[in-house]
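Undergrad: just need the structure, nothing else, for what follows:
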Amino acid sequence: MSDEEKKSGFFDGIKSFLYGMAGHDIACFALKTRGSMEQLFILITMGDLLGIPILPPYYSLRLVPYVVPQISTWKRRMLRERDLADAFA
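TA: Presented below is the predicted three-dimensional model:
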């Protein structure tokens, strides 16, 4: 190994270590926030599927092409039976 390869490996190790210390929590929080925002968006637009009319049907129908790929998983997640352990997760 040359000196440049050793330096590169060392800096990659430091970069991974710093990401693990600081960036990993931020990335996990951003993914959880995105998931909850998507769930809320689908609830507002497609709430009629669960019997919760929030938006008039005209606006919901205009947003259907953006929501269709996620409807089946969203319905499963919303109608899933929850227990006390889910509150702590």
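
Undergrad: now Thr73: how far from Ala22?
TA: 31 Å (C-beta to C-beta, to the nearest Å). No exception for glycine: its C-beta is placed from N, CA and C like everyone else's.

Undergrad: would you check how far apart the spatially most central residue of the chain and Gln70 are?
TA: Closest residue to the average C-alpha location of the chain: Gly35 at 2.7 Å, with C-alpha atoms, centre = their mean. Applying C-beta to C-beta, the value for Gly35 to Gln70 is 11 Å.

Undergrad: same question, Ile52
TA: Ile52 is 17 Å from Gln70, by C-beta to C-beta.

Undergrad: what's the answer for Ser2, then?
TA: Taking C-beta to C-beta, one finds Ser2 at 49 Å from Gln70.

Undergrad: the more surrounded of the two?
TA: A count of neighbours by other C-beta atoms under 10 Å puts Gln70 above the other of Ser2 and Gln70, at 15 against 7.

Undergrad: leaving out chain neighbours, which residue sits closest to that one?
TA: Ile42 (6.2 Å; C-beta to C-beta, 6 or more residues apart in numbering).

Undergrad: so who does that neighbour touch?
TA: Contacts here follow C-beta atoms under 8 Å, 6 or more residues apart in numbering; on that basis Ile42 touches 67, 70-71, 74.

Undergrad: could you do Thr73 as well?
TA: Per C-beta under 8 Å, 6+ apart, neighbours of Thr73: none.

Undergrad: check which helix or strand covers it.
TA: For Thr73, the host element (DSSP states H and E) is helix 71-78.

Undergrad: give me the mean pLDDT for that helix.
TA: Mean per-residue pLDDT for helix 71-78: 78.

Undergrad: give me the pLDDT for the residue nearest to the centre of the chain.
TA: So, for Gly35, pLDDT stands at 86.

Undergrad: by how many degrees do the helix or strand hosting it and helix 71-78 diverge?
TA: Gly35 belongs to helix 24-46 when assigned by DSSP H and E. Here the directions of helix 24-46 and helix 71-78 differ by 100 degrees (axes from the mean of the first three to the mean of the last three C-alpha atoms, to 10 degrees).
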